[in-house]
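S.K.: What follows is a predicted protein model with its sequence.
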Amino acid sequence: MNALPRWAEIVLLPALNLLLALLVTAALVLATGNDPVAALRALVVGSLGSADSVGYTLYYATDMAFAGLAVAVAFQGGLFNIGAEGQAALAGMGITAVALNGGALPAVVLVPLAILGGAALGAAWAAIPGWLQARRGSHIVVTTIMFNFIAASLLVWLVVNVLTVPGTMSPESRGFPAAAALPGLGVPGAAPVNLALPLALAAAAGVWLLVWRTPWGYALRVMGGSARVARYAGIAQGRMTVTVMALSGALAGGVAVNELLGAQHRLLLGFTGGYGFTGIAVALMGRNHPAGVLLAALLFGALTQGGAELAFEMPAVPSDVVVLIQGLVILFAGALGNMLRPGLLRVLGRA
């Protein structure tokens, strides 16, 4: 056996890496004089202990699933898209443009149009770095990072100078019309989980079908595996690069759909919340596979929600412990992701 089974690659190995991260975190919490078992219990109860907690966990996981899928689909083509944060911001501008100018439309028309408007701007913003790499040789990592800063500046200018309601100090647009709101999923309590969650699940299924069940997806994976082989096979790598980056940007726009149409109902500064960057960790832990991305997004959503409960229940525990756990998860799932692979290969080989 030279390779792990797919289920072990996607589920078992990341689970073992997560366990190592939790054990190291427990040791550090113990070193601060706190009870690691109580801290872990607060994390679990805070994220899964009530319907409201589950609702918030799913809400945060929705953002992370969209961002993780955006990073993962680009990575299948050998492209490291670090610009999901900026692409989500541009998608939010597209959603806002449609929502604020389509108040006369019924919800069944306005909501899909707003989603398409956000996806279009997110795709267009991501396609530019793709084109720059394909035609000018600019590295995708550098250009997507820089486009994050440009997008943030555009968002500030738009909200502060164009969309702010006159006479108010809040840096936000006026509220969207009621027809532009995504329906909630009826979770008891105040959790804003909404129709964006099944949209994220549908997006994951669509990515799996596209990348693993179509000739285009096979060509994409060939390009990601070896540019020389892709050239030999006659794959148009420039066109493929622009196309997959546009798809990645459209997926990143799902963050704006969840936040603006599902919860905030207005454009405001910082609505992306760093999810575009967290999506990199989600994609890494999920092995860039849609099923793994969904599981990793659920984990990071639980950590986000459970961390708030941990800070409330155990104020003596440093507030950065959740960031520490996330960092350790990234460390063990990314940089040390193959540390357990030889032992796991031996155990599964004997089994």
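M.R.: Thanks, I have it.
S.K.: The stretch 251-351 of the chain: helices as residue ranges?
M.R.: 275-285, 290-313, 321-330, 341-350 (DSSP state H, counting those that start in this stretch).
S.K.: Out of those helices, which is closest to residue 233?
M.R.: helix 290-313 (24.7 Å; CB to CB). Glycine gets a C-beta too; all of them are placed from N, C-alpha and C.
S.K.: Give me the angle between the closest one and helix 275-285.
M.R.: Relative orientation of helix 290-313 versus helix 275-285 (axes from the mean of the first three to the mean of the last three CA atoms, to 10 degrees): 120 degrees.
S.K.: What residues sit buried inside helix 290-313?
M.R.: Across helix 290-313, burial judged by 16 or more other CB atoms under 10 Å covers 290-311, 313.
S.K.: ok, and the closest non-adjacent residue to the residue nearest the centre of the chain?
M.R.: Compute the mean C-alpha point of the chain, and by CA atoms, centre = their mean the closest residue is residue 67, 2.1 Å away. In space, and not counting its chain neighbours, residue 67 is closest to residue 279: 2.6 Å by CB to CB, 6 or more residues apart in numbering.
S.K.: burial of that neighbour, as a residue count?
M.R.: Residue neighbour count, defined by other CB atoms under 10 Å, stands at 33 for residue 279.
S.K.: now residue 109
M.R.: 12.
S.K.: Skipping its backbone neighbours, what lies nearest it in space?
M.R.: Excluding its sequence neighbours, the residue lying closest to residue 109 (CB to CB, 6+ apart) is residue 102, at 7.8 Å.
S.K.: what's near enough to touch that neighbour?
M.R.: The contact partners of residue 102, by CB atoms under 8 Å, 6 or more residues apart in numbering, come to 109, 110, 113, 114, 177, 179, 180.
S.K.: The last one reaches residue 107, doesn't it?
M.R.: Yes: counting by CB atoms under 8 Å, residue 180 sits close enough to residue 107 to count as a contact (7.3 Å).
S.K.: When the two are compared, which one has more neighbours?
M.R.: Set residue 180 next to residue 107 and count neighbours by other CB under 10 Å: residue 180 wins out with 24 against 14.
S.K.: Ramachandran coordinates for the more buried one?
M.R.: The phi/psi pair for residue 180 (degrees, to the nearest 10) reads phi -90, psi 10.
S.K.: Could I get the pLDDT score of it?
M.R.: Residue 180 carries a pLDDT score of 95 in this model.
S.K.: what angle separates the helix or strand residue 203 falls within from helix 290-313?
M.R.: Per DSSP states H and E: residue 203 is located in helix 196-212. For helix 196-212 against helix 290-313, the angle by the same axes, to 10 degrees is 150 degrees.
S.K.: Show residues contacting helix 196-212.
M.R.: Applying CB under 8 Å, 6+ apart, the set of residues contacting helix 196-212 is 58-59, 61-62, 65-66, 69, 72-73, 76, 115, 182, 185, 216-217, 220-221, 251, 254, 257-258, 261-262, 289-291, 293-294, 297.
S.K.: how close does residue 34 sit to residue 316?
M.R.: Separation of residue 34 from residue 316 (CB to CB, to the nearest Å) stands at 6 Å.
S.K.: Likewise for residue 206?
M.R.: Taking CB to CB, one finds residue 206 at 45 Å from residue 316.
S.K.: For this structure, give me the ranges with low pLDDT.
M.R.: Counting by pLDDT under 70, the ranges of the chain that qualify are 1-2, 319, 333-337, 350-351.
S.K.: Now for residue 98: which residues touch it?
M.R.: 110, 113, 114, 116, 117, 118, 180.
S.K.: Which ones among those residues map onto helices?
M.R.: 110, 113, 114, 116, 117, 118 (DSSP state H).
S.K.: Which of the residues you listed are buried, as a ChimeraX select command?
M.R.: Buried residues among the ones in helices among the contacts of residue 98 (16+ other CB under 10 Å), as a ChimeraX selection:
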select :110,113,114,117,118
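S.K.: which two from the ones in helices among the contacts of residue 98 end up farthest apart in space?
M.R.: Among the ones in helices among the contacts of residue 98, 110 and 118 lie farthest apart (CB to CB), at 12.6 Å.
S.K.: And for stretch 37-51, what's in contact with it?
M.R.: 22, 26, 29, 53-54, 56-57, 187-189, 191, 301-303, 305-310, 312-314, 317, 321-322.
S.K.: can you give me the end-to-end distance of stretch 225-240?
M.R.: Stretch 225-240 stretches 14 Å from its first residue to its last (CA to CA, to the nearest Å).
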